[in-house]
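Novice: sequence first, then the predicted structure:
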Amino acid sequence: MAAVILVPGDVATIEGAFQVAQPGDEILVAPGQYDVDPIAVTTANLTLRSEPPRSAILLATQFVPMFDVQADDFALEDVSLLPQDAVARTRPTAHRTRIEGCLWEPPFYGYNGLQDEGPETVVRGNEIHAFSPAVSSYSPSILIEENVFRECGFSTVILRSGGTVRGNEFRDNANISDTGTPGQGGALRLMGAHSVVIEDNLFTGNLTDGWDGESGQGQGGAISLELASATIEGNVFRRNQSLQGGAIFAQYSNATIRGNLFYANTDSVQYAENGLRGRGGALYFYESTGLVEGNTLVGNTALVDGAAIYMTVSAIEFRNNLVAGNRSDGGGVTTADIAPLAWECNDVWSSGASEYAGWPDPTGTDGNVSADPLFCDASSGDFSIDASSPCAPAQSDGCGLIGAYGIGCGVTSVPEGGGLTGAVAAYPNPAVDHLWLRLASGAAGDIDVFDASGRRVRSLHWSGDGDGTSSSGTGSAGSLFWDLRGDGGALLP
């Protein structure tokens, strides 16, 4: 029968609790600070947690992972973890390890967080600060969800096989290399990982850079993909920096990038020593394939070229993207060699010295336009669009919505009624002794007539029989005759 083991009530130490625990037991740690020797988790289905949450502070005594997880279904919940090396290492034999609601805070900057090889590992709801990297995973099925990663280094999260990254905040993380190779992925680096899902995250203030004594380098301020594939959807990328791809850099990869906001990302530092300047304020593709669809890219900067998008030797389809107000000495959307595989239903406006560079301007073809998108309040970060925007479905010439956000202003709502209401065209106007009300043939309903003061003076019924006949008179199909008399029969003034 499962038991709750109290530390220090039942057992003096956390290590001692693991020695006596049986499958299904919970180790409940009282508030306080505990020096913890390395623990090998060899018993399945154990939970370690503290109450109140994060009130137990576990301080590692050795420069090795605090928890070496070898058995299935181990959970770390609501504890504060101060490792000297890694918080945990999960072995390939350890299925369904879960680290949830914890504070990860190393005593010094630069230690590993989680070294993951276990299938179905879950990292959820943690606050993770100053690890380098925070997570390094070889698992194809890791779930990283609803965490806050802050001021971490060495790419913060590295995925080498697969996984899902959902609902996290990545704030002010960096990957700065001094080895002569570019820093890649300030928040997230995919190295040979496939079918990765990256959705509903906030990436803000992340940075990649590099310095080899002669040149600055950096690829993917928020995300880099190398020999990888991913779906990147519903995220916000804001104020990330990198020399190539302020938000995302993809090389030899396939990416579906859909429904994201890219705002105020940049090509990072301009080095005075060599004048090196960047390309691809938001997106940079190198020998890659994919789909970029329904995104909003606004206020991004690349000093050389590709204020919003730069690509070389890449076969990318672009559809329904809103690209506005980006800055560059070159084009807003730039290709170094070949045109995109498809470019349809995009609005590129006021971006760069020219809207496009390296290929013919497609404006006016395949639903592409260059027009002010009429953001509701861009200065306050509201990138929804006015109802009269050329990117709204009603004005986009069959393209549907262009951009990541729908109509947010320019519409007045009314209480829901019992049916269709609205104005009806009247002929002649002004009228003297009769009036025709033009209707859709076969559309039955009632028409209320009001005078200038708002008083209802007549109710007319349209039978919808399509022959133009009603109790008020006769006429052609699709019209209703009114003799300008009120409900009482008197001629109205």
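Specialist: The structure has been received and is ready for your questions. Numbering: from 1, shown residues only.
Novice: how is the chain partitioned into domains?
Specialist: Each domain of the chain is listed here as a residue range: 167-409, 426-482, per automatic domain parsing.
Novice: for residue 137, which of those is the nearest?
Specialist: With CB to CB as the measure, domain 167-409 is the member of the domains of the chain nearest residue 137 (8.6 Å). Bear in mind the C-beta positions are built from the backbone N, C-alpha and C, glycine included.
Novice: just for the stretch 351-493 of the chain, where's the confidence low?
Specialist: Residues of the stretch 351-493 of the chain meeting the criterion pLDDT under 70: 412-493.
Novice: distance between the ends of stretch 324-337?
Specialist: End-to-end distance of stretch 324-337 (CA to CA, to the nearest Å): 23 Å.
Novice: and it, what's buried?
Specialist: By 16 or more other CB atoms under 10 Å, the buried positions in stretch 324-337 come out as 324-328, 330-336.
Novice: coming back round to it: could you look over the domains of the chain and pick the most buried one?
Specialist: Highest mean neighbour count among the domains of the chain (mean count of other CB atoms under 10 Å): domain 167-409, with a mean of 22.
Novice: just how off-centre is that domain within its chain?
Specialist: Domain 167-409 sits 13 Å away from the centroid of its parent chain (CA atoms, centre = their mean, to the nearest Å).
Novice: how long is that domain end to end?
Specialist: Start-to-end, domain 167-409 (CA to CA) is 27 Å.
Novice: now do stretch 80-89
Specialist: Using CA to CA, the end-to-end distance of stretch 80-89 comes to 17 Å.
Novice: same check, this time on stretch 284-304
Specialist: End to end - CA to CA - stretch 284-304 spans 13 Å.
Novice: sorry, back to before: could the domains of the chain be laid out in JSON lines, adding distance to residue 142?
Specialist: Converted to JSON lines, those look like this (distance: least, CB to CB, whole Å):
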{"stretch": "domain 167-409", "distance to residue 142": "10"}
{"stretch": "domain 426-482", "distance to residue 142": "57"}
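Novice: just to revisit the earlier point, okay if I get the buried residues of stretch 324-337 as TSV plus pLDDT, secondary structure and distance to residue 115?
Specialist: Shown next, in TSV, are the buried residues of stretch 324-337 (pLDDT from 0 to 100; DSSP: H, G, I helix; E, B strand; the rest coil; distance: CB to CB, whole Å):
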residue	pLDDT	secondary structure	distance to residue 115
324	97	strand	43
325	93	coil	43
326	93	coil	39
327	91	strand	41
328	87	strand	41
330	86	coil	42
331	88	strand	43
332	91	strand	42
333	95	strand	40
334	94	strand	40
335	93	strand	40
336	91	coil	39
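Novice: among these, which one sits closest to residue 240?
Specialist: residue 326 (14.2 Å).
Novice: wouldn't residue 52 be in contact with residue 31 here?
Specialist: Yes. Contact criterion CB atoms under 8 Å: residue 52 and residue 31 qualify, at 6.9 Å.
Novice: which residues of the stretch 101-250 of the chain score low on pLDDT?
Specialist: In the stretch 101-250 of the chain, residues with pLDDT under 70: 109-110, 178-181, 210-217.
Novice: where does residue 112 fall, phi/psi-wise?
Specialist: Taking degrees, to the nearest 10, you get phi -70, psi 160 for the backbone angles of residue 112.
Novice: per-residue pLDDT of the closest residue to it other than its chain neighbours, please?
Specialist: Sequence neighbours aside, residue 86 is the residue nearest to residue 112 in space, at 4.1 Å (criterion: CB to CB, 6 or more residues apart in numbering). Residue 86 is assigned 94 on the pLDDT scale.
Novice: higher neighbour count, residue 52 and residue 31?
Specialist: Set residue 52 next to residue 31 and count neighbours by other CB atoms under 10 Å: residue 31 wins out with 11 against 8.
Novice: so the more buried one versus residue 399, what's the distance?
Specialist: When CB to CB, to the nearest Å is applied, the distance between residue 31 and residue 399 equals 58 Å.
Novice: swap in residue 37?
Specialist: Plainly put, residue 37 is 63 Å away from residue 399 if you go by CB to CB.
Novice: again, but for residue 287
Specialist: Taken as CB to CB, the span from residue 287 to residue 399 is 29 Å.
Novice: what would the buried residues of stretch 324-337 look like in a markdown table with distance to residue 112?
Specialist: Compiled in a markdown table, the buried residues of stretch 324-337 are given as follows (distance: CB to CB, whole Å):
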| residue | distance to residue 112 |
| --- | --- |
| 324 | 41 |
| 325 | 40 |
| 326 | 37 |
| 327 | 39 |
| 328 | 38 |
| 330 | 40 |
| 331 | 42 |
| 332 | 40 |
| 333 | 39 |
| 334 | 39 |
| 335 | 39 |
| 336 | 38 |
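Novice: closest one of those to residue 74?
Specialist: For the buried residues of stretch 324-337, the closest approach to residue 74 (CB to CB) belongs to residue 326, at 47.3 Å.
Novice: report the contact partners of the residue nearest in space to the middle of the chain.
Specialist: The residue lying closest to the centre of the chain (CA atoms, centre = their mean) is residue 235, at 0.8 Å. By CB atoms under 8 Å, 6 or more residues apart in numbering, residue 235 lies in contact with 198-203, 260-261.
Novice: Serialize those residues to a markdown table and add fields for secondary structure and distance to residue 3.
Specialist: Formatted as a markdown table, the contacts of residue 235 follow (DSSP: H, G, I helix; E, B strand; the rest coil; distance: CB to CB, whole Å):
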| residue | secondary structure | distance to residue 3 |
| --- | --- | --- |
| 198 | strand | 40 |
| 199 | strand | 39 |
| 200 | coil | 39 |
| 201 | coil | 39 |
| 202 | strand | 41 |
| 203 | strand | 43 |
| 260 | coil | 48 |
| 261 | strand | 49 |
